[in-house]
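In: After the sequence you'll find the predicted model.
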Amino acid sequence: MADKTPVVRVEHLSKHFGEGSARVDALRDVDMEVYPGQVVGLMGPSGSGKTTLLNCIACILEPSSGRLTLDGEVVYDERWLRTDLRRLRLDKVGFIFQYPNLLPFLDGTDNVAVVLNLAGYGSAAARARAVDLLNYLDVGHRKHAMPAQLSGGEAQRVAIARALANKPRIILADEPTAPLDSARARIVMDLLRRIAVEHDAAIIVVTHDEMILDRFDHIFRLRDGRPESEAAEKLVAS
Amino acid sequence: MNLAYRDIKHNLLRFVLTNFGLSLLLGIVIVITGVYGGLIDDALRQARAASADLWVVEAGTNGPFAESSRIPGDTRELVSRVYGVERAGSVTYQSVQTELNGKPLRLFLIGFEPGRPGGPRQLTAGRQILRDHYEMIVDRSAGLEFGQQVPLGTHGHKFTVVGLMSKEVTASGDPVGYITLRDAQGLQFELAPPAARRESARGGAPETSNQINAVIAKVSPYVPLKEVAAALSRWKHLTTLTQDQQETLLSKFVIEKARNQQRLIMVLLIIVSAVIIALIVYTLTMDKVRSIATLKFVGAPDRTIIGLIVQQALSMGIFGYFAGLALVLLFQPYFPRRLVLDPTSVAIVFVITIVICLAASSLGIRLALKVDPAEALSAAG
């Protein structure tokens, strides 16, 4: 990995909520690098700051300090350096939610095509690519099904197809296997690994699931807003 | 990809039911507009039916519609002799109530001189009055049939319906009937036989029935109207009103209160419609909060979100308006009052509906723009 440039680089990133006695430090001086083709697990107990970190990387939560570089572009350096964060997400980030979050009024194809439409694809081209992606994820036979008609696994595959639609360099997944049984969870993780390699994307997966640890290239553990090794050192010192 | 259309298609039944309710509301707004238009049209209709240039009435009155006016029956001959008057006709106006088949029948009777100005405008069936007595032309809304006999007045005379008209009603909705001037004078000015006998026994002079309410004058196009009106005003027992003055009297003063009431009802209905549309749009947006959060998360710009809400609000308004208009047109013949839906008023209601929808959608837009994309990360709702 040393010869590659990290797609996600987090440097001294901190995030706190509230001020004074009400201040809560959700992230403290976090550093992290994720390279293309890597699948990184982001783990930690509840309240450890993993979702906060994911939201900061997804540019939906403004860090308090530090520096964030996505796909070679510094997007945060003590302040947002880009005003159109939604466009940034659209271009560079694919997101897989814990629950599929498919738009209930669009069928499988259109749930994927909508992202392409937003990116400026024509209707026919968007639908064609959407169908290709659904086929790639073995859910092409359900392309006309509405979200309510899809099983949990099928819906999650459509959501993954949506996350891949714009060929993002970064894919963030928030507990994507939580609503699935262990067999399906492994299938989804294998799929993410395949995507990371085939699309040369960096994938960060927030999970509690210890059963899928072997699917990660690297595991980044957080505790009390710090990387776990640092947190342990602080605990010993105190 | 039109997200608004897809959402409507997905929730089609809810959209149709919501819009049905909205169409009833907008239908009532259209009905009130029609009633308002009908009120003005009906009020002006009789004045316009005469196609007069000048109205000669009793001195100091605003007759014959706004106030009662009585002038001698020979006034028409005086008016006819004035330079510039091409034609003139005597007219009387009165409301009567009679009983037919055990049911009350109200009519607004116009007495006119056949062949002179003041007669009915256009017949839809039958013929003009040819005999001197006991024939009448009446509006269809009276429910009378061709050839039917109607008892009128205190002398028990029966009038035969020889002609039918349509859309000839007064501002209060009473159907209009035309009879000869002589019959009308008899009905209006002659005493009932017992009263006449008593008056005779008292030694009083027999009251003349040769009175009229107004004279309608048609003026030559080559003579200025003002000049003719000035000439007529020299008679101190008469007042002359131009057609414009007569219409102003009717539209501004006679029906002013009714007009204001309807205007108030219309404003209230528009406010109610605006509130209801705003609530519907707000509720529809509330239902989509998670979808909106997801759209924002995946990179949808605000204009996409605003477009979704505005397009839904507009489609609701447009669908509701046209469904309401269709309902009104469907049930218009059964409405107890005449509705006049002139294209301008109908278009104004449409524009108001669109403006309301746009204004009402601002509440939903405000909500949508405040939705945090992070809500897409929360547990499935």
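Out: Great, that's in hand.
In: Find me the pLDDT at the residue lying closest to residue B:37 once chain neighbours are set aside, would you?
Out: Leaving out its chain neighbours, the residue that sits closest to residue B:37 by CB to CB, 6 or more residues apart in numbering or on different chains is residue B:340, at 3.6 Å. Glycine gets a C-beta too; all of them are placed from N, C-alpha and C. You'll see residue B:340 listed with a pLDDT of 87.
In: Identify the residues contacting the closest residue to residue B:131 other than its chain neighbours.
Out: Distances taken as CB to CB, 6+ apart put residue B:180 closest to residue B:131, at 8.0 Å, once the chain neighbours are dropped. Residue B:180 makes contact with B:111, B:112, B:113, B:114, B:129, B:131, B:132, B:133, B:135, according to CB atoms under 8 Å, 6 or more residues apart in numbering or on different chains.
In: hang on, the fourth one packs against residue B:129?
Out: Yep, that's residue B:114 we're talking about. Yes - in terms of CB atoms under 8 Å, residue B:114 counts as a neighbour of residue B:129; the distance is 5.4 Å.
In: These two - which one has more neighbours?
Out: With neighbours defined as other CB atoms under 10 Å in any protein chain shown, residue B:114 and residue B:129 compare such that residue B:129 has more, 23 against 17.
In: Show me what counts as buried in the strand or helix carrying residue B:328.
Out: Secondary-structure element containing residue B:328, defined by DSSP states H and E: helix B:302-331. Buried positions in helix B:302-331, judged by neighbour count with 16 or more other CB atoms under 10 Å in any protein chain shown: B:304-317, B:319-321, B:323-325, B:327-328.
In: near chain A, from those residues?
Out: residue B:304 (CB under 8 Å from any CB of the partner chain).
In: Spatially nearest residue to the residue of the stretch 1-150 of chain B found nearest chain A, not counting backbone neighbours?
Out: When scored by CB to the nearest CB, the stretch 1-150 of chain B has residue B:10 as its residue closest to chain A, at 3.6 Å. Closest residue in space to residue B:10, ignoring its immediate chain neighbours: residue A:105 at 3.6 Å, by CB to CB, 6+ apart.
In: where does that neighbour fall, phi/psi-wise?
Out: phi -100, psi 10 (degrees, to the nearest 10).
In: now residue A:205
Out: In terms of degrees, to the nearest 10, the main-chain angles of residue A:205 are phi -120, psi 120.
In: Okay, and the beta partners of the residue lying closest to it once chain neighbours are set aside?
Out: Leaving out its chain neighbours, the residue that sits closest to residue A:205 by CB to CB, 6+ apart is residue A:173, at 4.5 Å. Under DSSP bridges, the beta-bridge partners of residue A:173 are residue A:96, residue A:205.
In: Tell me which stretches of the chain form strands.
Out: Went with chain A since none was named. When secondary structure is read from DSSP state E, chain A shows strands at A:8-17, A:24-34, A:39-43, A:65-70, A:73-77, A:93-96, A:170-174, A:202-206, A:218-223, A:226-227.
In: Not quite, go with chain B.
Out: Under DSSP E, chain B gives strands at B:54-58, B:71-72, B:85-100, B:103-112, B:125-126, B:135-139, B:149-152, B:157-165, B:176-180, B:211-212, B:214-219, B:238-242.
In: Show me how far the helix holding residue B:328 is from its chain's centre.
Out: Computed by CA atoms, centre = their mean, to the nearest Å, the separation of helix B:302-331 from the middle of its chain amounts to 28 Å.
In: Count the neighbours of residue B:101 for me.
Out: The number of residues packed near residue B:101 is 7, by other CB under 10 Å.
In: Could you show which parts of chain A are in contact with chain B?
Out: Taking CB under 8 Å from any CB as the measure of proximity, chain A contacts chain B at A:51, A:55, A:58, A:60-61, A:86-87, A:89-91, A:95, A:97-99, A:101, A:103-106, A:110, A:113-115, A:117-119, A:123, A:126, A:146, A:162, A:174.
In: hang on, residue A:217 packs against residue A:33?
Out: No - at 12.0 Å, residue A:217 does not count as touching residue A:33 under the criterion of CB under 8 Å.
In: The two: which is more packed in?
Out: Counted by other CB under 10 Å, residue A:217 and residue A:33 do not tie: residue A:33 has more neighbours, with 19 against 16.
In: Give the residue spans of chain A that score low on pLDDT.
Out: Across chain A, the stretches falling below the confidence threshold (pLDDT under 70) are A:1-3, A:229-238.
In: Taking it, what residue is nearest to chain B?
Out: In chain A, the residue that lies nearest chain B is residue A:90 (2.7 Å; CB to the nearest CB).
In: That residue and residue A:168: what is the separation?
Out: From residue A:90 across to residue A:168, the span is 9 Å (CB to CB, to the nearest Å).
In: Residue A:78 too?
Out: Looking at residue A:78 against residue A:168, where the rule is CB to CB, the gap reads 25 Å.
In: which one of these two has more residues nearby?
Out: Here residue A:78 and residue A:168 are compared on neighbour count by other CB under 10 Å; more neighbours surround residue A:168, at 24 against 10.
In: Would you confirm that that one contacts residue A:88?
Out: No - contact between residue A:168 and residue A:88 fails when scored by CB under 8 Å: they sit 10.6 Å apart.
In: Whatever residue of the stretch 101-250 of chain B ends up closest to chain A - how many residues pack around it?
Out: Closest residue of the stretch 101-250 of chain B to chain A, CB to the nearest CB: residue B:167 (48.4 Å). Other residues within reach of residue B:167, judged by other CB under 10 Å, total 17.
In: pretty sure it contacts residue B:338?
Out: Yes - at 6.4 Å, residue B:167 and residue B:338 qualify as touching, with contact defined as CB under 8 Å.
In: nearest spatial neighbour of the residue of the stretch 251-381 of chain B found nearest chain A, skipping sequence neighbours?
Out: When distances are taken as CB to the nearest CB, the stretch 251-381 of chain B approaches chain A most closely through residue B:299, which lies 2.7 Å from it. Among residues not flanking residue B:299 along the chain, residue A:90 sits closest, at 2.7 Å (CB to CB, 6+ apart).
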